[in-house]
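>>> Sequence first, then the predicted structure, then my questions.
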Amino acid sequence: MLARLDTFLSPAAASALLDTLLREVAWESPAIRVYGRDHVIPRAQCWMGDPEASYRYSGSQLVPTPWHPTVAELATRVQQALAHAGLPTTEFNSVLLNRYQDGQQRMGWHSDDEPELGPDPVVAAVSLGAERPLRFRERHRDSGQRAFNVWLPHGSLLLMGPGAQSRWQHALTPRAIPGPRVSLTFRRVCG
Ligand SMILES: O=C(O)CCC(=O)C(=O)O
Ligand SMILES: [Fe+2]
């Protein structure tokens, strides 16, 4: 299931958070190996969380940096907002922060279905900055592959709940949309 809370953060709170994260997060663009060749990822990222929440992502082992206090507070607010809306939630112990400097920066097709996340993970994504679409497509392509966009406004919260990873892949495709976007995808890693 997918659910979007459009007004999770007020525009002012979302803008203040975006400023803080752009300034204070240790953003990195590591190279990853794809079919035997190294490519610098077309975005920047930071993996943050509890020390035991280490994780394999796109072929590299990510050890989380300690929680930024503002991000730790946000994790609690995400859990509370999901519970309040009667949606599935979990005790998030880590978050992947993604920074896309402009519309050309992107993330390719994937599901967040790494074994560390358990059988049917709950992943919740906070979006800040430029409103861009996250594109979903069915993993099983036999009987006509369905696809759709979920637009993610500044300050919104997207829940990818039960079935979302097993049934769908998602990607942040390039678009002629100016300005930076930051997403925070909260997860529970079971070590
Ligand atoms: O930037 C986004 O909204 C998507 C990020 C994503 O899919 C991920 O972190 O796994
Ligand atoms: Fe993802």
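Nice, I can see it. Ligands and ions are numbered 1, 2, ... in the order given.

>>> Any chance you could list what contacts the helix or strand hosting T70?
Using DSSP states H and E, T70 sits in helix 69-84. Residues outside helix 69-84 that contact it (C-beta atoms under 8 Å, 6 or more residues apart in numbering): 5, 8, 17, 20-21, 48, 67, 88-92, 95, 97, 124, 126, 157, 159, 184, 186. Bear in mind the C-beta positions are built from the backbone N, C-alpha and C, glycine included.

>>> Would you write a ChimeraX line that selects the buried entries of these?
Here is the ChimeraX command that selects the buried residues among those (16 or more other C-beta atoms under 10 Å):
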select :5,8,17,21,48,67,88,89,90,92,95,97,124,126,157,159,184,186
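
>>> Now, the contacts of helix 69-84 that are in strands?
Within those, residues falling in strands by DSSP state E are L5, M48, V95, L97, A124, V126, L157, L159, L184, F186.

>>> doesn't V123 make contact with the last one?
It stands for F186. Yes. The pair F186 / V123 is scored as a contact, 6.9 Å apart, by C-beta atoms under 8 Å.

>>> Return the residues in contact with the residue positioned nearest the centre of the chain.
For the chain, T185 is the residue whose C-alpha lies nearest the centre (C-alpha atoms, centre = their mean; 3.0 Å). Going by C-beta under 8 Å, 6+ apart, T185 touches V95, L96, L97, N98, D112, V123, A124, A125.

>>> quick one: pLDDT of it?
For T185, the pLDDT comes out at 98.

>>> what do you get for D142?
77.

>>> host element of it?
Using DSSP H and E, D142 sits in no helix or strand.

>>> now it: how far from A130?
35 Å (C-beta to C-beta, to the nearest Å).

>>> what does R77 give?
22 Å.

>>> Give me the more crowded residue out of those two.
A130 (19 against 14; other C-beta atoms under 10 Å).

>>> ok, now which ones touch that one?
Y100, G103, H154, I177, P178, G179, P180, R181.

>>> Can you go through those residues and name the buried ones?
Buried among the contacts of A130 (16+ other C-beta under 10 Å): Y100, G103, H154, P180, R181.

>>> Now intersect the residues you listed with the strands, please.
Among the buried ones among the contacts of A130, DSSP E puts Y100, R181 in strands.

>>> now the buried ones among the contacts of A130 in a markdown table, with pLDDT?
Formatted as a markdown table, the buried ones among the contacts of A130 follow (pLDDT from 0 to 100):
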| residue | pLDDT |
| --- | --- |
| Y100 | 98 |
| G103 | 98 |
| H154 | 98 |
| P180 | 98 |
| R181 | 98 |
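
>>> Could I get the buried ones among the contacts of A130 in JSON lines, plus columns for distance to ligand 1?
As requested, the buried ones among the contacts of A130 are exported to JSON lines (distance: C-beta to the nearest ligand atom, whole Å):
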{"residue": "Y100", "distance to ligand 1": "7"}
{"residue": "G103", "distance to ligand 1": "13"}
{"residue": "H154", "distance to ligand 1": "12"}
{"residue": "P180", "distance to ligand 1": "12"}
{"residue": "R181", "distance to ligand 1": "7"}
